[in-house]
Structure formats: C-alpha cells, structure tokens
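predicted coordinates and the sequence they were generated for:
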Amino acid sequence: MRATKHAAPRPWRRRGLVTGSALGLLGVGVTACLAVTVFTGSGTGAVRAADASAAGARAAAPSDAGPEAGGGAGATARPTPSGTGTGTGPTRPATPTPTPSPSVPVPAASTASGTPAGSANSGTARERPRTPSASSGAAASAERITPAVSRRGVATAYAAGDGNGSCLYGPTDDMMIAAMNVTDYESAKACGAYVRVRAAGGATVTVRIVNECPAPCAPGQLDLSRQAFAKLADLSVGRLPVTWTLLSPDLPGAIAIRYKTGSTKWWCGIQVIGHRNPVAALEVRGGGRWRRLPRTAYNYFLSADGTGCGGALRITDIYGQRLTVDGIAVRPGVAQRTDVQFARH
C-alpha cells in the first residue's frame, strides 16, 4: 500500500502575500496623506491670501476713522475728500472756491448794559462786517414778531448817539427809539416796528426799533434810548419791568426803497424804509416769477446774482398785506420814495 505523500505547506508564500498586502495598504495611506496635505496647504494659502487682502484694506483706511467715518470692524477703505487723493481709492475734483460777494458793512449793536458797543451809537456810526448769528436764525423760525401779542420783559437804557443802529436806517432826529433783544429781533424782522412800552406804574412810551441788543439781553428785553427810558422812569433805576406790544401807527407818507452801497445790476441789497408795519418778506421779479430774497441781520434783502436789481418788487408785511412797486433804479445809498404804504391794523 502506497502511502500518499503530501507536500508540506509553504509558509513563505503566505508571508509574501501578507507582506504585499501591507505594502499596498501603506501606499494607499501615503497617497491619502499627500492628498490631504496638498488640499490643506492650498486652503491655508487661500486663507492667508484673504487675510493679507483684509490687512491691506485695513492699512489703507485712516487710523483715526471712527464708526461715523466708516472705521471699526469690517470697515473698508474710503476715498479721501480732497482733490488730490491718497492712492487708496477714487478721487473727486476739488470743490471750486466761490467768488466772494461784496463785503457788507454794518454798525455794532447796542450792549445789554445800556452802553453802546463800538461807535454805532456814539454819533460816528463806524461800520464793521458782520454775519447773522445762529441764534438770530433760530429765532426767525419762532415768529416772535407777531401782532396782537403782549410780551413781558425789562427795559434798560443805552446812549443812542445819532440814532443809527444795526437796522442801518441812518441818523435820526427822533430819539424815541430802541434796540430789540436778539431773540425778538428775528434777523432784522423787528426793524422798523413800532412798539408801545408800558411800565408797571402806568407810564408809556412808543418807540421804533432801529437796533439789536445782543446777549445778555434776554427775550422780551428792550434797550431804550436814554431819552425814551426817561419817559418811563429815572435813569438811575437801571432795569425796569415792562410789557410791550406791536403797533400799526398812523404814519404820514409812503414807504421808500434804498439800494445798499455797492449795489449794481449784478449784485444788490434792497432795504425798505418808512413802513407802517414790520416787513415779513421782499420778492423780486425774475424769470417770469416772483423770487423771495434772503434777509440779513443788518436789514437788507440780498440778490447775490443780480436777479430783480432795478426791477419790480413785492413787499409783504406781518399781516400778509402785499405792496407792489414798479422798477426802482439802482441808485446806491439813496432813499427813493414810492406811492404805496401798508394799511393800519
């Protein structure tokens, strides 16, 4: 009986198979690691590039820019407002410098203490440039100069000199005049207004507003000429409690129009003189329509581009009454009489 002889197993083949499989898995792992490394590296580069871009944008922004100016987290650079720029954004052309209008001289207003400021009330009426104050503009919107309203305040006195003042009416022989506090002055709306002033004891005096009394003159306060104050009390009193009311007096004659010194057909200032009631607005005719002119604190209505200079005018008082005046020639510094006047109220 022959015995069948089996060959012994060859373990080295199994070892080779195992070794080959291990090497294959190792290769796959290395390939995966390389892929992850490459992907991660590319992502890191993109993030770094984005960070560098953001850092560059932040560096371009002004260092002192706050939240209102676009600064802070997430802010982007903004172009500079100058005409030259800084290279951080688009530039815009520089704003052209406007051609200045002729300077407008005005005299100084009275002081709250009763002593004239400068020489406006000393008889020489030296003039100085001035622009309307912010408080005057705010007061204008409050409509303080209104009819049939009695106001309370105090009366003080100042040396009125020749009677000229901020309203630029010029010297006067009638010294029953006063300076209005800046609030009720309303950017010259009170100019030319007639006011009846009554003291607590019953004494009264009627004055015309020709000047402005700046701070510390309080709302309701009137700085009377010494001659007018003396009608109410002795000057030694200093401050006198009073009430005052607008009037619409019986005036003789018609209103007059005066063009300011330096006025031409290309630029002019227009003033109304001798009006019975306070003037609320002045319009000129131009381009087939009426155009309202802005009023200055020195009591002239200005046409900066010459519209209406020498043409027809329309004047409105605080009661809404309108007067139309045909063309008045531009004759600077000359009061030209018209044939119209506001009705009494």
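Looks like it arrived, so ask away.

make it CA atoms for all contacts and neighbour counts henceforth
OK.

in the protein, what secondary structure element scores lowest on mean pLDDT?
strand 127-129 (a mean of 33; mean pLDDT, DSSP states H and E).

tell me which helix or strand Cys309 sits in.
According to DSSP states H and E, Cys309 maps onto no helix or strand at all.

neighbours of Gly201, how many?
Neighbour count of Gly201, defined by other Cα atoms under 10 Å: 10.

now do it against Asn211, distance only.
26 Å (Cα to Cα, to the nearest Å).

likewise Val279?
15 Å.

with neighbour numbers in mind, choose between these two.
Asn211 (35 against 24).

tell me what that one is bridged to.
Beta-bridge pairing of Asn211 under DSSP bridges involves Ala179.

give me every residue that touches it.
Asn211 is in contact with Ala109, Ser110, Asn164, Gly165, Ser166, Cys167, Ala178, Ala179, Met180, Cys191, counting by Cα atoms under 8 Å, 6 or more residues apart in numbering.

kindly report the same for Ser263.
Contacts of Ser263 (Cα under 8 Å, 6+ apart): Gly269, Val330, Arg331, Pro332.

for the stretch 151-300 of the chain, what spans make up the strands?
177-181, 194-199, 204-213, 222-225, 240-247, 256-259, 268-273, 279-286, 289-292 (DSSP state E, counting those that start in this stretch).

number of residues surrounding Arg198?
Counted with other Cα under 10 Å, residues neighbouring Arg198 total 20.

list the contacts for it?
Arg198 neighbours (Cα under 8 Å, 6+ apart): Thr204, Val205, Leu232, Val242, Thr243, Trp244.

report the separation between the closest residue to it other than its chain neighbours and Tyr194.
Nearest residue to Arg198 in three dimensions, chain neighbours excluded: Thr204, at 4.4 Å (Cα to Cα, 6 or more residues apart in numbering). Distance, Thr204 to Tyr194, by Cα to Cα: 13 Å.

neighbour count winner among these two?
Tyr194 (24 against 18).

please report how far that one lies from Asp305.
33 Å.

just the ones of the contacts of Ser263 in strands?
Applying DSSP state E to the contacts of Ser263, the entries found in strands are Gly269.

just put the strands of the stretch 151-300 of the chain in TSV and tack on distance to Tyr300 and mean pLDDT.
What follows is those, written out as TSV (distance: least, Cα to Cα, whole Å; pLDDT from 0 to 100):
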stretch	distance to Tyr300	mean pLDDT
strand 177-181	17	98
strand 194-199	19	97
strand 204-213	13	97
strand 222-225	22	98
strand 240-247	21	96
strand 256-259	9	98
strand 268-273	5	98
strand 279-286	10	96
strand 289-292	13	96
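
tabulate these (JSON lines), appending distance to Leu323.
Below are the strands of the stretch 151-300 of the chain laid out as JSON lines (distance: least, Cα to Cα, whole Å):
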{"stretch": "strand 177-181", "distance to Leu323": "26"}
{"stretch": "strand 194-199", "distance to Leu323": "19"}
{"stretch": "strand 204-213", "distance to Leu323": "21"}
{"stretch": "strand 222-225", "distance to Leu323": "30"}
{"stretch": "strand 240-247", "distance to Leu323": "19"}
{"stretch": "strand 256-259", "distance to Leu323": "12"}
{"stretch": "strand 268-273", "distance to Leu323": "11"}
{"stretch": "strand 279-286", "distance to Leu323": "10"}
{"stretch": "strand 289-292", "distance to Leu323": "13"}
